[in-house]
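Trainee: just need the structure, nothing else, for what follows:
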Amino acid sequence: MQKSFGFDTLLFMLQLFLLHTVAWDTHHDRYNHTVQDLHIMKKSYPTGINSTMVDNNHTILNEKQIFLRGMNTSFISNHRPSNRYDQVSTVTTTATVNAQRLPYFGGPVIANVKVVTIWWGAQVRYTSQLESFYSAITTSNWYRIFTQYNTSITPNIGYGQWIQSYNYSKAPNGTVTDEQSQTHLQLLISTRKVPQVDNNTYYAIHFAPGIKIDIGSYVSCMSYCAYHYTMWNVNTNGKVNSKYPYIYYGVMPDQGGGCSYGCGADPVPLNNLFLVASHELAEVVTDPCVGVITDYAYPLAWYSITEGEVGDICTGIP
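Mentor: Okay, here's the model as predicted:
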C-alpha cells in the first residue's frame, strides 16, 4: 500500500531539501553523461552527436534545439530582446557564490516564481500533495538560499507561490515528444486554460504513469529523470512578445516504473518526485532561459560549463 502523505511528511521533506536537491541519486555518473537538463555542447561531440548538429555558422547547437520546430540560430539571434547583459564584468553578485565554479552569464532569473501545475493525462498521481509541496517549498527556508544569486542587474529573488492547477486529462498518452509538450502548452496558454505568461510564471508539467517523454533519442526514466526548458513566447503573427519573450516550463515524468530504478533512492515514488521537482525548480529560478541559448552567453544566467546548473552541482551531495 502506498504511504499516505501529510503535513508532517511535507515538513520532513523540506528539511531534506535544506540538505540537497538531488534529481539523480544512485546513478550519478550516468546522470552526468546525459542531457538531463539539456546543456549546450561546445568543443567536443559526445556519443551520438554528429555533424548535423552544427549549423551553417559552424556553431555546435544545443542537443534539444535540433528538435525545436521552426527554431534556428538566426531566429534566436534576430529576436534577442536585449544585449545589455552582454558585458557582465562589472556586475556585482552576492559574495557567497563561487563565481569561478558557477559563473554568471548575465541572463535573467525568476524573482518571485508563480508555479502553475499541469496534470498531463487522466491519472496523474499525487496531485493534491504536489500542490501542497509547491505552496510550501516556495515560501520555505530552503527557498531563501536563492538570494545568493541576486545581482545588481536582476530583480532580487524572493519567495514565490503555487497559484493554480489544470487537469489536462485529454492530453496525448503513450510516447510524447518535447515538441508536443510545447505545442500543447502553447495551446493551453492561448486558450486561457492556464494563467498567462509573465517573467515569473513556471509551468510545471507532471505526467501520468505510463507516459514516456522523448527528447530526440533521449527517453524519460532511461536517459533523464526530469528537465526544465524554455521556449519563445511567439504570437500568432510569429513575433516574439517584447514584454514577456520566454515561456518557462518543466517536465516531470511519473517516478514509478523505470524512474524508480534510478531517480532517487527512496522507495516511495512521491518522495523521489519531490526530489526531481525541487531540482528543476531550483534550476529554473536561477537559469530559466537555458532552452534558447546557442552558446555560453546571454540569456544564460547561473551556469557551470563543466558541471551544469545549480541542481546538477549538488546532485549526490548530502
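Trainee: and the strands in the protein, which stretches?
Mentor: Taking DSSP state E, the strands of the chain run over residues 114-120, 161-168, 175-177, 201-207, 212-215, 218-219, 227-232, 246-252.
Trainee: please name every helix or strand in contact with the longest helix anywhere in the chain.
Mentor: For the chain, the helix with the greatest residue count under DSSP state H is helix 269-286. Judged by 3 or more C-beta pairs under 8 Å, 6 or more residues apart in numbering; DSSP states H and E, the packing partners of helix 269-286 are helix 7-17, helix 127-137, strand 201-207, strand 227-232, strand 246-252, helix 310-314. Using the backbone N, CA and C atoms, a C-beta is placed for each residue, glycine as well.
Trainee: one more pass at 6 Å, please.
Mentor: Secondary-structure packing of helix 269-286 (3 or more C-beta pairs under 6 Å, 6 or more residues apart in numbering; DSSP states H and E): strand 227-232, strand 246-252, helix 310-314.
Trainee: CA atoms of the first one as PDB?
Mentor: What follows is strand 227-232, C-alpha atoms only, in PDB (Å, rounded to 0.1, in the frame of the first residue of the first chain):
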ATOM      1  CA  TYR A 227      14.100  18.600 -17.100                       C
ATOM      2  CA  HIS A 228      13.200  22.300 -17.300                       C
ATOM      3  CA  TYR A 229      13.300  24.200 -20.500                       C
ATOM      4  CA  THR A 230      12.400  27.400 -22.300                       C
ATOM      5  CA  MET A 231      10.600  28.300 -25.500                       C
ATOM      6  CA  TRP A 232       9.900  31.600 -27.200                       C
END
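Trainee: quick one: closest of the strands of the chain to Val276.
Mentor: Val276 sits nearest to strand 246-252 of all those, at 6.0 Å, using C-beta to C-beta.
Trainee: each with direction, which strands does that closest one pair with?
Mentor: strand 201-207 (parallel), strand 227-232 (antiparallel) (DSSP bridges).
Trainee: any chance of the ones you listed in JSON lines, plus mean neighbour count?
Mentor: Shown next, in JSON lines, are the strands paired with strand 246-252 (neighbours: other C-beta atoms under 10 Å):
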{"stretch": "strand 201-207", "mean neighbour count": "24"}
{"stretch": "strand 227-232", "mean neighbour count": "24"}
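Trainee: can you list the ones you listed in a markdown table and add mean pLDDT and distance to Arg144?
Mentor: Output for the strands paired with strand 246-252, formatted as a markdown table (pLDDT from 0 to 100; distance: least, C-beta to C-beta, whole Å):
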| stretch | mean pLDDT | distance to Arg144 |
| --- | --- | --- |
| strand 201-207 | 98 | 18 |
| strand 227-232 | 96 | 20 |
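Trainee: would CSV of these with distance to Ser140 be doable?
Mentor: Shown next, in CSV, are the strands paired with strand 246-252 (distance: least, C-beta to C-beta, whole Å):
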stretch, distance to Ser140
strand 201-207, 16
strand 227-232, 19
